[in-house]
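1. Have a look; sequence and predicted model below, questions after that.
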Amino acid sequence: MSIQSRLNAIWYEGASPPWWLLPLSSVYGAVSRLRRFAYATHLRRSTRLACPVIVIGNVSVGGTGKTPLVCWLAVRLADLGFRPGVVTRGYGGSSRRARLVQASDDPGSVGDEALVLARRTRVPIAVGRDRPAAAQLLINAGCDLIVSDDGLQHYALARDCEIIVVDGERRFGNGRLLPAGPLREARARLKDADAVVINGGPTVIAAHVSLAGALRMRLEAASAIALKYGTAKPLNEFSGRSVHAVAAIGNPQRFFNLLQSLGIHVIAHALPDHARLTVEDISFADDLAVLMTEKDAVKCGEIAGPHHWYVPVSVVFDEGDLEALQSIVVQCIGKRAGRG
């Protein structure tokens, strides 16, 4: 069993954590609280930019649907007349200094998520470990609004609006902090956010009072796109067929479940998040179609064959929640404008 499989069993499947993980979680929690206190009391400096900053993040590790929501929000804000830009860490990329991203960039340099954002949103994207510096590049490029992808714990960048995304299926796992559990911060952190968005899962999550009043979204897929030719066909044409499904994302099972919900017989191939895929990772000893996530597809353009497809997903909100989230964000932007 791999380390990640063992951790998943502890975090999400009820396995007991080894005793020595518990004190490590206590230390992690103390350091996390001390760090946040230092920023809140100005013992450490947060950089406030000349324009509003919206942070989309989570309190747990792994994929919760942040990046699709960032894509949706960036496009929505552009439609409303703003000039948004997106700043992201650039995980999986080798670039260390802040830089702007082009849709044609090498994912090995800027990271897979940054390329997905650049290609899906058509708004300026910047990557960098120094998020304030990367965000400043966006302002220099003409942006009047910054959306930070997965920046909840990056307190060096001051923010005007926080949106926390929760995986509606895995939720908070065993409720413990890292490494004994999947939480980066305690569940109480949710009460400080301007909005909490639950991605998928059961309609009612009565066990978690902290989720009362949360907005609901889900990820939907309608088509598959050929990596080699760029042609699309309805995803339901794969229904009743067996396919290889490749996913190197934070929660591969979410992708596999999505395909299975459409009647597709999935031969699952889960890989570590942000893994650099090789020919061997996406080639199999048969002629079955290979479906992968959009995040993985940006790394496979040069090695894909005619049987390789990727499945883009779109954010869909429950009735009324789209307008509610948009209203929360616009109000936060307006408050910043009022403060000058």
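-> It's in.
2. so where is the stretch 1-150 of the chain shaky, pLDDT-wise?
-> Applying pLDDT under 70 to the stretch 1-150 of the chain flags residues 1-2.
3. That one: strands as residue ranges?
-> 53-57, 84-88, 99-101, 125-127, 145-149 (DSSP state E, counting those that start in this stretch).
4. can you tell which of these is closest to Cys161?
-> Nearest to Cys161 among the strands of the stretch 1-150 of the chain is strand 53-57; the distance by Cβ to Cβ comes to 4.4 Å. Backbone N, C-alpha and C define where each C-beta goes, glycine included.
5. helices and strands around the closest one, which ones?
-> With contacts defined as 3 or more Cβ pairs under 8 Å, 6 or more residues apart in numbering; DSSP states H and E, strand 53-57 has these neighbours: helix 66-79, strand 145-149, strand 161-167, helix 321-339.
6. and Ser95, which of those is closest to it?
-> Shortest distance between Ser95 and these, using Cβ to Cβ, is found for strand 145-149: 15.6 Å.
7. who's in contact with that closest one?
-> 49, 51-57, 66-67, 70, 73-74, 77, 82-89, 113, 117, 131, 135, 138-139, 154, 157, 159, 333 (Cβ atoms under 8 Å, 6 or more residues apart in numbering).
8. hang on, Leu138 packs against Ala98?
-> No: here Leu138 does not reach Ala98: they are 9.7 Å apart, not a contact under Cβ atoms under 8 Å.
9. Give the intersection of the neighbour lists for those two.
-> Both Leu138 and Ala98 are contacted by Ala126, under the criterion Cβ under 8 Å, 6+ apart.
10. Outline the domain layout of the chain.
-> Annotated domains of the chain cover 53-218+317-339, 222-312 [automatic domain parsing].
11. Make JSON lines from these and add mean neighbour count and distance to Gly14 to it.
-> Output for the domains of the chain, formatted as JSON lines (neighbours: other Cβ atoms under 10 Å; distance: least, Cβ to Cβ, whole Å):
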{"stretch": "domain 53-218+317-339", "mean neighbour count": "19", "distance to Gly14": "8"}
{"stretch": "domain 222-312", "mean neighbour count": "17", "distance to Gly14": "16"}
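12. In CSV, list these along with distance to Ile3.
-> Converted to CSV, the domains of the chain look like this (distance: least, Cβ to Cβ, whole Å):
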stretch, distance to Ile3
domain 53-218+317-339, 10
domain 222-312, 10
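13. For Leu157, see how far away Ala226 is.
-> Note on Ala226: its distance to Leu157, by Cβ to Cβ, to the nearest Å, is 38 Å.
14. err, Thr231, not the other one
-> According to Cβ to Cβ, Thr231 stands 40 Å off from Leu157.
15. and if you look at Ala224?
-> In terms of Cβ to Cβ, Ala224 sits 37 Å off from Leu157.
16. ok, now Pro252?
-> Counting by Cβ to Cβ, the gap from Pro252 to Leu157 is 30 Å.
17. repeat for Gly230
-> 36 Å.
18. for Ser95, same thing?
-> 18 Å.
19. One more: Leu258?
-> 32 Å.
20. how about the nearest residue to Thr231, chain neighbours excluded?
-> Nearest residue to Thr231 in three dimensions, chain neighbours excluded: Ile225, at 7.1 Å (Cβ to Cβ, 6 or more residues apart in numbering).
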